[in-house]
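Asker: Predicted model and sequence follow; I will ask about them next.
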2 protein chains.
Amino acid sequence: MKINEMKVNEYLNLLKSDAPAPGGGSASALAGAQGIALFEMVCDLTIGKEKFAEYQEICAQAKADGEKLYKELTEAIDKDTEAFNLVSSAFKLPKATEEEKKVRSKAIAEGTLAATEVPFKSMELAYEGLLIVQKLVGKSNPNAVSDLGVAVLNLMSCIKGAWLNVKINLPGVKDEAAAKGFQEKGEKIILEAEALEKELYGRVLELL
Amino acid sequence: MKINEMKVNEYLNLLKSDAPAPGGGSASALAGAQGIALFEMVCDLTIGKEKFAEYQEICAQAKADGEKLYKELTEAIDKDTEAFNLVSSAFKLPKATEEEKKVRSKAIAEGTLAATEVPFKSMELAYEGLLIVQKLVGKSNPNAVSDLGVAVLNLMSCIKGAWLNVKINLPGVKDEAAAKGFQEKGEKIILEAEALEKELYGRVLELL
């Protein structure tokens, strides 16, 4: 059953259980989806209100851009668990003969690549989300500024949590160029996102 | 309908909608519940495994302590939205006569106090969670160390997000002693939690 189709309490109970998936990867994607959902809500609480006339264009654009990120991050909640299960299944394949070993190794490598790509994509999506929130702070309904702050925190939790999931899988990524790409791009996103979080959270606190 | 009873995608769509609740308060409580759930999962992936014999007691205690926090944080997901709705309803009460004004003011004050107490409690619960994770880092199944890191991030997102919700309601808390208490205790939790997050996230990265 897909996580998106479970009840919230069923999902949380499954996360809490000794089933290794869903784990931190899906939880990070869900945090990211919460972050996008919250800034979209803030846009909706601004759009169409005359007293926020000057923010209309920014909010309409942010909402439109958010929709794509929201769709992909909600899908990533399930994709991350599916990728994890792929790796688990691959490790359980038989390894008695040379042929079986070859098939098993290939399956593990493919699964591990997927289990790295999915959280890496989540990092990129949530970072795009942070850049959108940057445009909205101080230019949206001030009554909902705390929601914008919570959006920042959830997007950041997604970025850093997904990074941990990239890092734990990286030693298993056999394509060296790909592994180097994840490492370098990931470090860059983390640095930029941390600076942005500090700036945005500080501005939200000032606006409260 | 309670958020805990909604499907994950229904909840996220409602969060995204122009309904002001659920908002950042419920999202922060959900992040906190994810944090507790994740470290409990790590405990379960450690308990009963011979090679982690030395961690059994720490993990069993952490899991037992986590259960209380998990129960309260999952309940806070709904409580936060209920408190917000209480304030909204109070503002819509009639204010034509002196008597009506008095009733309305009292209802607003009570609602605002509840809307401050709920996220303040979430801060305290998630901070207790962080203190438990501190005991688990390096003393639980190392294959799940990234999940412990994601637990830290979600607990921190809960603490700081709930704090924004305390802060936005604080000007409406008329009991000055209570307001001062929230402010002082809240600032203390934030400072201690930020230091702890930095330490724990750093240690998780080293253990990856």
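Answerer: That came in fine, so what should we check first?
Asker: List the contacts of A:L93.
Answerer: Counting by Cβ atoms under 8 Å, 6 or more residues apart in numbering or on different chains, A:L93 touches A:E100, A:V103, A:R104, A:A107. To be clear about C-beta, it is placed using only N, CA and C from the backbone, and glycine gets the same treatment.
Asker: Distance to chain B and secondary structure added to those residues, as CSV?
Answerer: Converted to CSV, these look like this (distance: Cβ to the nearest Cβ, whole Å; DSSP: H, G, I helix; E, B strand; the rest coil):
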residue, distance to chain B, secondary structure
A:E100, 24, helix
A:V103, 24, helix
A:R104, 19, helix
A:A107, 19, helix
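Asker: Give me the buried subset of the residues you listed.
Answerer: A:R104, A:A107 (16 or more other Cβ atoms under 10 Å in any protein chain shown).
Asker: Can you lay out the contacts of A:L93 as JSON lines showing pLDDT?
Answerer: Converted to JSON lines, these look like this (pLDDT from 0 to 100):
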{"residue": "A:E100", "pLDDT": "97"}
{"residue": "A:V103", "pLDDT": "97"}
{"residue": "A:R104", "pLDDT": "97"}
{"residue": "A:A107", "pLDDT": "95"}
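Asker: Most distant residue from the centre of chain A?
Answerer: What lies farthest from the middle of chain A is A:T97; by Cα atoms, centre = their mean that is 39.6 Å.
Asker: ok, that one to A:K106 distance?
Answerer: For A:T97, the distance to A:K106 equals 14 Å [Cβ to Cβ, to the nearest Å].
Asker: wait, does stretch A:70-77 make contact with chain B?
Answerer: Yes - judged by Cβ under 8 Å from any Cβ of the partner chain, stretch A:70-77 and chain B are in contact via A:Y70, A:T74, A:I77.
Asker: who wins for neighbours among the residues you listed?
Answerer: Greatest neighbour count in the residues of stretch A:70-77 next to chain B, by other Cβ atoms under 10 Å in any protein chain shown, goes to A:I77: 26 neighbours.
Asker: quick revisit: can you add secondary structure and pLDDT and give the residues of stretch A:70-77 next to chain B back as JSON lines?
Answerer: Output for the residues of stretch A:70-77 next to chain B, formatted as JSON lines (DSSP: H, G, I helix; E, B strand; the rest coil; pLDDT from 0 to 100):
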{"residue": "A:Y70", "secondary structure": "helix", "pLDDT": "98"}
{"residue": "A:T74", "secondary structure": "helix", "pLDDT": "98"}
{"residue": "A:I77", "secondary structure": "helix", "pLDDT": "98"}
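Asker: of the residues you listed, closest to A:Y11?
Answerer: A:I77 (8.8 Å; Cβ to Cβ).
Asker: what's near enough to touch that closest one?
Answerer: Counting by Cβ under 8 Å, 6+ apart, A:I77 has contacts A:I3, A:N4, A:P22, A:S26, A:A29, A:L30, A:A33, B:V8.
Asker: Quick check: phi and psi on the residue farthest from the centre of chain A?
Answerer: When read as degrees, to the nearest 10, the backbone of A:T97 gives phi -100, psi 170.
Asker: Am I right that A:S140 is in a strand?
Answerer: No - remark: A:S140 does not belong to a strand; assigned using DSSP: H, G, I helix; E, B strand; the rest coil, it is coil.
Asker: SS state for the closest residue to A:A19 other than its chain neighbours?
Answerer: Once flanking residues are discounted, A:A19 sits nearest to B:M41: 7.8 Å by Cβ to Cβ, 6 or more residues apart in numbering or on different chains. Three-state assignment for B:M41 (three-state DSSP): helix.
Asker: Alright, I will stop here.
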